[in-house]
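In: Structure, please.
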Amino acid sequence: MLFEEDRISSSVPAAESLRFFQEHGIFYQANAAVGKLVAEFDSQGLAWKPEVLRMYMPIIVKDPRLREILEHFDTEHPSLCFYLDSDNPKHYFASTIEENEPQDHRALIYVWSAKSRLEIFVGSHKLPSKGVKAANGLWEVPYPFLTITKGLKESEACLEEGGVMIVHPRFSFGSTSGCTMAYAVQERGYIAK
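Out: Numbering: from 1, shown residues only. Here you go, the predicted structure:
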C-alpha cells in the first residue's frame, strides 16, 4: 500500500520521491516536531507570516524524501501563506483550479497540527479541474466531480502528532480534524511565460 495512514510508504525511496509527487500530486509524512511548531507558532501569532516556513525547513529536510522534492522549489521565498482548519467536514479544497502551465511549476507545503485527519483524492491534480471560490479563499471542488467525473476514490491520512504534506496546487483534500498552515513555493528556475 503506497498511501499509508501516516506517510507515503517507505517502499518509495528518496530518489523516486519527486517522480512520485509529480505523478500522484501529493507526498506526506507524519512528524511530531512539525506538529509542535505549528501549535507554538499559532499560539504566538506567527503562523500567518510566510517567512515562518524557514523555521520549519530544518526539520522538514531531515527526511530525505521530502528534501529530494523540496530541493526543486524555492522555499526561501514562499509566495503565499494561508491557514485552514477542520470546520468544513465533507468539503474538499484546492488552492487553484487554474489549468495553466505556471500551476504545474508550483507546490504547496502544508504543515499540520497534531490530531490532523485528512481526506485526500490521489490524482485530483490532473486535468480537468473544476470548483467554486470558497469563503476561506480556496477553491471548493465538488465531491461528485472528484468521485464520478474523475473516478477518484477518497483516502484517509492521519497525522496524529502533526506532519508535512506537499501537494500540487490543484490537488483536492479535506480535513476532519486539526489545522494547517500552507506555503506556496515556485519551482526553481521556472519563469512564467
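
In: Under the pLDDT cut-off, which ranges of this protein? List them.
Out: 192-193 (pLDDT under 70).

In: 90 - rerun?
Out: When residues are selected by pLDDT under 90, those of the chain lie in 1, 42-52, 79-90, 98-104, 127, 135-137, 189-193.

In: now the strands for this structure?
Out: Counting by DSSP state E, the chain has strands at residues 26-30, 80-85, 93-94, 106-112, 116-121, 132-133, 139-140, 154-159, 163-167, 173-177, 179-186.

In: Could you dump these into TSV and include distance to residue 64 and mean neighbour count?
Out: For the C-beta atoms, the positions are set from N, CA and C on the backbone; glycine is no exception. Shown next, in TSV, are the strands of the chain (distance: least, CB to CB, whole Å; neighbours: other CB atoms under 10 Å):
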stretch	distance to residue 64	mean neighbour count
strand 26-30	11	23
strand 80-85	26	16
strand 93-94	28	24
strand 106-112	16	25
strand 116-121	22	23
strand 132-133	37	10
strand 139-140	32	20
strand 154-159	19	19
strand 163-167	13	25
strand 173-177	24	20
strand 179-186	19	22
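
In: With distance to residue 43 added, can I get those in CSV?
Out: Output for the strands of the chain, formatted as CSV (distance: least, CB to CB, whole Å):
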stretch, distance to residue 43
strand 26-30, 21
strand 80-85, 13
strand 93-94, 24
strand 106-112, 14
strand 116-121, 17
strand 132-133, 30
strand 139-140, 29
strand 154-159, 19
strand 163-167, 19
strand 173-177, 18
strand 179-186, 12
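
In: hmm, who's touching stretch 129-142?
Out: Here stretch 129-142 makes contact (CB atoms under 8 Å, 6 or more residues apart in numbering) with 82, 84, 88, 91-99, 124, 145, 149, 170, 172.

In: can you give me how far it is from the chain middle?
Out: 16 Å (CA atoms, centre = their mean, to the nearest Å).

In: Out of the strands of the chain, flag the one nearest residue 15.
Out: Nearest to residue 15, of all the strands of the chain, is strand 26-30, at 13.6 Å by CB to CB.

In: packing partners for the closest one?
Out: Packing partners of strand 26-30 (3 or more CB pairs under 8 Å, 6 or more residues apart in numbering; DSSP states H and E): helix 14-24, helix 64-70, strand 154-159, strand 163-167.

In: Apply 6 Å and report the result again.
Out: Contact partners of strand 26-30 among helices and strands, from 3 or more CB pairs under 6 Å, 6 or more residues apart in numbering; DSSP states H and E: strand 163-167.
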